[in-house]
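In: Build me a model:
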Amino acid sequence: RLFDEYLNLGGFPEVLFKPEKFKIRLLEQYFDDILYKDIVDRYSLNSQKAKDLALFFTANFTGLFSLRNVRNSLKLSYDTVKDYLSYYKEAFLFFTLDHFSYSFKEQKTLPSKVYCIDNGLRNAVSFKFSKDEGKLAENLLFVELMREGKEVYYWKNKREIDFVIKNKDKSLTAINVSYADEINEREVKGLLEFNEKFKSKTHELVLLTKNTERNEQGVKLVPLWKWL
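Out: You can find the predicted model right below:
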């Protein structure tokens, strides 16, 4: 029950102690304070553009994006999108994740993924209170990896790996999040595909689930609540 609350309402302490009807209102206030006081006022930005771009990222969190695609979707200039995103990152509102590659050029030219600092903030201001637990679980894991100071990427070939951790000994840990107990075969296959490509470097393959725990073809299936 506590994990479910954290998954949907995030980790701001005061929110957890508010009556139910005030929780979302408080999260909306937090979001506005971060956006307008910490970002718009501080950098003298256009408040409507800043809000539109922030809402775009909340709606597309955990998804792939490129600056050009965002520019085309919102009719903002390339530099505006680039600058505003850097301000969001400085204020710890949004973060981006690069593609894993030993080629720096490939790493920087492929699309990035975007994540939000807090699931509660994201849910409070998205167009509907999201029941997409898969994305919320992935976002939660990203925040935890950042908190631990991990060097993290995503990887995509035929299938996608949610998180590739580059460990201090140069080995790699690959993690997929499948917040369910009926495990889709593609989640395991993606990890095995990654392992095949980086066999000499891969240290651990992990699939985070809802409550399922077992080993399958060298992949560790672990409940997300337990891993956290």
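In: all contacts plus neighbour counts: C-alpha atoms, from now on.
Out: Fine.
In: give me the element residue 203 is part of.
Out: Using DSSP states H and E, residue 203 maps to strand 202-209.
In: Give me the below-cutoff pLDDT ranges for this structure.
Out: 127-131 (pLDDT under 70).
In: separation between the nearest residue to residue 178 once chain neighbours are set aside and residue 219?
Out: Distances taken as Cα to Cα, 6 or more residues apart in numbering put residue 209 closest to residue 178, at 5.2 Å, once the chain neighbours are dropped. Applying Cα to Cα, to the nearest Å, the value for residue 209 to residue 219 is 12 Å.
In: Can you pick out the residue with more neighbours from these two?
Out: residue 209 (24 against 18; other Cα atoms under 10 Å).
In: State the helix or strand in which residue 215 lies.
Out: According to DSSP H and E, residue 215 maps onto strand 214-216.
In: Tabulate the CA atom coordinates of whichever helix or strand comes after that strand in CSV.
Out: Scanning forward in sequence from strand 214-216 by DSSP H and E, the next helix or strand is strand 219-223. Taking C-alpha atoms only, strand 219-223 is exported to CSV below (Å, rounded to 0.1, in the frame of the first residue of the first chain):
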residue,chain,number,x,y,z
VAL,A,219,17.9,-12.7,-16.2
LYS,A,220,17.1,-11.8,-12.5
LEU,A,221,13.4,-11.0,-12.1
VAL,A,222,12.9,-8.9,-9.0
PRO,A,223,9.9,-7.0,-7.6
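In: which neighbours does strand 219-223 have in its sheet, and in what orientation?
Out: Here strand 219-223 is paired, per DSSP bridges, with strand 202-209 (parallel), strand 214-216 (antiparallel).
In: Give me the residues contacting the strand holding residue 203.
Out: Contact with strand 202-209 is made by 171-181, 183, 187-188, 191, 195, 218-224, 227, as judged by Cα atoms under 8 Å, 6 or more residues apart in numbering.
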